[in-house]
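Trainee: sequence and predicted structure are below.
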Amino acid sequence: MATHNGKREVVVVTGAGAGLGRAIVRAFASQGADVALIARDRERLEAAAGEVERAGGRALVLPLDVADAEAVEAAAGLIEEQLGPIDIWVNNAMASIFSPVRQMTPEGYKRVTEVTYLGYVYGTLAALKRMAPRDKGVIVQVGSALAYRGIPLQSAYCAAKHAIQGFHDSLRSELIHDKSNIKVTMVQMPALNTPQFRWVKSRLPNEAQPVPPIFQPEVGARAVVWAARHPRKELYVGWPTVQAIVGDKIVSSFVDHYLANKAYAGQQTDEERDPERPHNVWEPVEGDQAAHGVFDQKAKGWSGQFWFTTNRNWIMAAAGAGLAALGGAVLWKK
């Protein structure tokens, strides 16, 4: 996909080595973009870079921790030196801990916040610094239904996603005030089949799983690419996301009790957790598992809600034309 001046798009993706980030890299690469890949594990980034290059694009591997503001800023400068002006910056990197609040530690909350919230802030600042003089560019914040609706056993992650939502609202209002042509959008995701559920630090008795229904990461990746091209304030992906956000606004207390009864078992499989398995909170887990997790048999590869919301203009136009034709037919008979 070329920009209006014929230059290949330059896209930055954080958390690019695996899961949703890997799927986002593939989606942009399939449209001909040059992609800068940010994550901690060089092996996975090299594998993702190979996918970009096989699709015909240029790739830049940047192994770093998004919790390091100086490293993120330095990476942004290097990207513009080697690939050119950044057109799209996708903040996606995350960390999480599955644990009851009473078993959490201050260090755990700090780490999840630094990666999942401040990593987005640092990426946004680096992108804005370069986009502002040109007065163009798009920043995509990968969000979640949990940005509005906290659930048991993921308090650190939910709090970080709530913080991103507040940050996003503030930034968007400022850009509107400044009459800026820079666009910022937030894509609220459903449960996705990614490797994080075997990498995440957990204190649960059984292995963690996404709260069903589960979608494949390609569903989320298509949403991110669409949002970058059509930057609404927010884009909800999947009916479960709509239900969680709208339900919390209408019957929040009921949802509290519902989750208290359902969300503990709903976030665990029947497989007992291995307490010795490595986790990725402070260091990446070795191995390239690419985009998908272990829930392929349960995951959906398509969302009717996403199709509807991204095609609503022509659907409404077609419905209007149909009503007009029906009205004309009735009048003709008269």
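Mentor: All right, it came through fine.

Trainee: for Val237, give me its contacts.
Mentor: 187-190, 215, 219-220, 223, 303, 305-306 (CB atoms under 8 Å, 6 or more residues apart in numbering). Using the backbone N, CA and C atoms, a C-beta is placed for each residue, glycine as well.

Trainee: separation between Ile214 and Arg198?
Mentor: According to CB to CB, to the nearest Å, Ile214 stands 14 Å off from Arg198.

Trainee: neighbour-wise, which of these two wins?
Mentor: Shown here are Ile214 and Arg198; by other CB atoms under 10 Å, Ile214 has more neighbours (23 against 19).

Trainee: isn't the more buried one right up against Phe197?
Mentor: No: look at Ile214 against Phe197 with CB atoms under 8 Å: they stay out of range, at 9.9 Å.

Trainee: overlap in contacts of those two?
Mentor: Phe295.

Trainee: Three-state assignment for the residue minimising distance to the centre of the chain, please.
Mentor: A centroid search over the chain (CA atoms, centre = their mean) returns Val142, at 2.8 Å, as the residue closest to the centre. Put simply, Val142 is strand when judged by DSSP: H, G, I helix; E, B strand; the rest coil.

Trainee: for Gln268, list each beta-bridge partner.
Mentor: On the basis of DSSP bridges, Gln268 is bridged to Ala208.

Trainee: same thing with Val140?
Mentor: Beta-bridge partners, per DSSP bridges, of Val140: Val90, Thr185.

Trainee: same question for the one 4 residues further on.
Mentor: Partner residues in beta bridges with Ser144, using DSSP bridges, are Met189.

Trainee: didn't it look like it was pressed against Val187?
Mentor: No: with contact defined as CB under 8 Å, Ser144 does not count as touching Val187 (9.1 Å).

Trainee: restricting to C-alpha, output the host helix or strand of Ala47 in PDB.
Mentor: Assessed by DSSP states H and E, Ala47 sits inside helix 42-54. C-alpha atoms of helix 42-54 as PDB (Å, rounded to 0.1, in the frame of the first residue of the first chain):
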ATOM      1  CA  ARG A  42      15.400 -10.800  18.700                       C
ATOM      2  CA  GLU A  43      14.700 -14.300  17.400                       C
ATOM      3  CA  ARG A  44      11.000 -13.700  17.000                       C
ATOM      4  CA  LEU A  45      11.600 -10.300  15.500                       C
ATOM      5  CA  GLU A  46      14.000 -11.800  12.900                       C
ATOM      6  CA  ALA A  47      11.300 -14.300  12.000                       C
ATOM      7  CA  ALA A  48       8.700 -11.600  11.700                       C
ATOM      8  CA  ALA A  49      11.100  -9.500   9.600                       C
ATOM      9  CA  GLY A  50      11.500 -12.400   7.200                       C
ATOM     10  CA  GLU A  51       7.800 -12.500   6.700                       C
ATOM     11  CA  VAL A  52       7.800  -8.800   5.800                       C
ATOM     12  CA  GLU A  53      10.600  -9.200   3.400                       C
ATOM     13  CA  ARG A  54       9.000 -12.200   1.700                       C
END
